[in-house]
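Chemist: The sequence isn't on hand, but the structure is:
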């Protein structure tokens, strides 16, 4: 059936696989009709009848080839992940090729305007009204009138014990300010809920002007909630339904937030959005989208499989559809196949070839690397919480203390003291002038507090990496077997994706500066170890023999010969360590470490080009300052 697609002026070439439809609708001539009928019969024999769960045998879609690839975003919310996965699996079973990309909400809408994203399943209203409005006004995004979910909610929540203690309303939050550490926990920077909380803080709504929002991610926030519940501490965080958090924790939603999040605890309706003109181009896909209607229980069940059982979203969606053939049939009612062979491929049994069986056997007997790590981290978390809490307290107190000390000194005075210290250290008027201008520019752009937070984080990370790395490098230079044992570990530390470091540290230490600092130390540690080892192991033999000839002890030889000779390499390792620590700033912001990484991530998630360039330039200037200051002085005394 033709679904609103205008016929082309000239007939398109016959595709290799005939469409699964009646051949006599548009045939011209008996011979052409017979050929089409034979092709249709061959395709029917190859594909076979539709499954019994479908209400009617699906026709073949007459959409253009460009419709086969359906591009969907995953905004990082597990409920949207679940519904997007369900949609993708249903599209696959109709011969489409869904492509899912992880994007924030603002980037999703900007991509739909640019034609890079086709369908968005997670338009939460009214909280995303500000995100959606410009694109509705310029008609680059269309909203399907029928919502895909009703009965959701989205507002601030607290554990039940905090609610019983009197924290029941938005206006009660300031009364518990000290117990809450003046902190509200949100999800990814740039999220609409985070922006509502930031608006309350900036406007001092409900007396929240002295609070801060700790932004990270959905799972980062929930890990912090779990730590707070385990310690029976009060915590205020963004909560919503559907979500397994409502089953995992005994929580309560705060009253009094109607003016911010909307009535009925931020009662939400979730709509499906499509890019402008997509329904005219791909009506069969949109027909499926109009059929989709989810429930809170359905999404919670799928989300539990994803979060609690650690299932792949699309695998969980396939299993759910297999267990609920009636819902599958309802959603696929009237949805045609793309090309006519997808259903056979989706329902075909695996090939009996021995290579296919071998591959299936390999995949079916997965080495439990991830499960083993989950068990190990769970054991450590259960039996070492006091130890990790102690480390967290010490590290957080040190970094926060240095940050508060730097922030206590007036900005212009602190810049003046830094410039004088740099001139005394380097004796370079040009370097001192550059540092002064760079820091004044950062202050002018409004990133001075974030710069001080970043400076504290980098100082502690670099100091820790140096104190650990230099002695290890010296020991490895004197003991080749030790370096041979350390080398694969160092290779792993340098090649493992940096995001991986954040996962266990987040679970063990919670949100904040501590997981960011420890992840940064792990990432930067190989540099001082390797370069110290290189410097000490390449000290000229003549120098060592001269020291031995004059009767130098091993310690005298180390302090008076090896370390001075290796100092350029050691300084290079320390400088590289500082640069690597600074490069982790943006990544550490994802676990609530603060600093200049927060505006960068927020700019990325909200497509704010100006903010991104401002924060990026501030990071570059800070990196140049640290690099120039920490370089070993040249023999001429100039930088």
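Modeler: Thanks, I have the structure now. Not measured: the values here are computed from a predicted model.
Chemist: can you give me the helices for the stretch 501-639 of the chain?
Modeler: 513-524, 526-537, 541-549, 554-557, 563-583, 585-588, 597-606, 609-630 (DSSP state H, counting those that start in this stretch).
Chemist: Give the rounded mean pLDDT of the fourth one.
Modeler: Over the span of helix 554-557, the pLDDT mean works out to 86.
Chemist: Kindly report the same for the last one.
Modeler: Along helix 609-630, the predicted confidence averages to a pLDDT of 88.
Chemist: Give me the packing partners of that helix, helices and strands only.
Modeler: Applying 3 or more C-beta pairs under 8 Å, 6 or more residues apart in numbering; DSSP states H and E, one finds that helix 609-630 contacts helix 411-426, helix 429-444, helix 448-478, helix 563-583, helix 597-606. In this view, the C-beta of every residue, glycine as well, is placed from N, C-alpha and C.
Chemist: what's the angle between it and helix 448-478?
Modeler: 40 degrees (axes from the mean of the first three to the mean of the last three C-alpha atoms, to 10 degrees).
Chemist: Show me what helix 609-630 is in contact with.
Modeler: 422, 425-426, 431, 434-435, 438-439, 441-442, 445-447, 450-451, 454-455, 458, 571, 574-575, 578-579, 582, 585-586, 596, 599-600, 602-604, 639 (C-beta atoms under 8 Å, 6 or more residues apart in numbering).
Chemist: weakest of the helices of the stretch 501-639 of the chain by average pLDDT?
Modeler: What stands lowest among the helices of the stretch 501-639 of the chain, in mean pLDDT terms, is helix 585-588, with a mean of 76.
Chemist: Now do the buried residues in stretch 457-475.
Modeler: By 16 or more other C-beta atoms under 10 Å, the buried positions in stretch 457-475 come out as 457-466, 469-470, 472-475.
Chemist: do stretch 294-310 as well
Modeler: In stretch 294-310, counting by 16+ other C-beta under 10 Å, buried: 294, 296, 298-307.
Chemist: and which of those is nearest residue 511?
Modeler: residue 307 (17.6 Å; C-beta to C-beta).
Chemist: Just after the helix-or-strand element of the chain with minimal mean pLDDT, pick out the following helix or strand.
Modeler: Across the helices and strands of the chain, mean pLDDT, DSSP states H and E gives its lowest value to helix 342-347, namely a mean of 45. Per DSSP states H and E, the first helix or strand lying C-terminal to helix 342-347 is helix 354-364.
Chemist: What is the distance between that following helix and the centre of its chain?
Modeler: 33 Å (C-alpha atoms, centre = their mean, to the nearest Å).
Chemist: hmm, back to that, can you list the helices and strands packed on helix 609-630 in JSON lines and add distance to residue 115?
Modeler: Formatted as JSON lines, the helices and strands packed on helix 609-630 follow (distance: least, C-beta to C-beta, whole Å):
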{"stretch": "helix 411-426", "distance to residue 115": "45"}
{"stretch": "helix 429-444", "distance to residue 115": "38"}
{"stretch": "helix 448-478", "distance to residue 115": "35"}
{"stretch": "helix 563-583", "distance to residue 115": "33"}
{"stretch": "helix 597-606", "distance to residue 115": "20"}
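Chemist: Tell me which of the ones you listed approaches residue 238 most closely.
Modeler: Among these, the nearest to residue 238 by C-beta to C-beta is helix 597-606 (15.0 Å).
Chemist: which helices and strands sit right next to that closest one?
Modeler: Contacts defined by 3+ C-beta pairs under 8 Å, 6+ apart place helix 597-606 against helix 105-113, helix 448-478, helix 585-588, helix 609-630.
Chemist: 6 Å - rerun?
Modeler: helix 585-588, helix 609-630 (3 or more C-beta pairs under 6 Å, 6 or more residues apart in numbering; DSSP states H and E).
Chemist: Flag every buried residue along stretch 270-290.
Modeler: Residues of stretch 270-290 classed as buried by neighbour count (16+ other C-beta under 10 Å): 270-275, 278-279, 281-290.
Chemist: For that stretch, give me every contacting residue.
Modeler: 3-4, 61, 63, 67, 70, 112, 118-121, 123-124, 139-144, 147-149, 335-336 (C-beta atoms under 6 Å, 6 or more residues apart in numbering).
Chemist: Of those residues, select the buried ones using a PyMOL command.
Modeler: This is the PyMOL syntax for the buried subset of the contacts of stretch 270-290, where burial follows 16+ other C-beta under 10 Å:
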select buried, resi 3+61+63+67+70+112+118+119+120+121+123+124+140+141+142+143+144+147+148+149+335+336
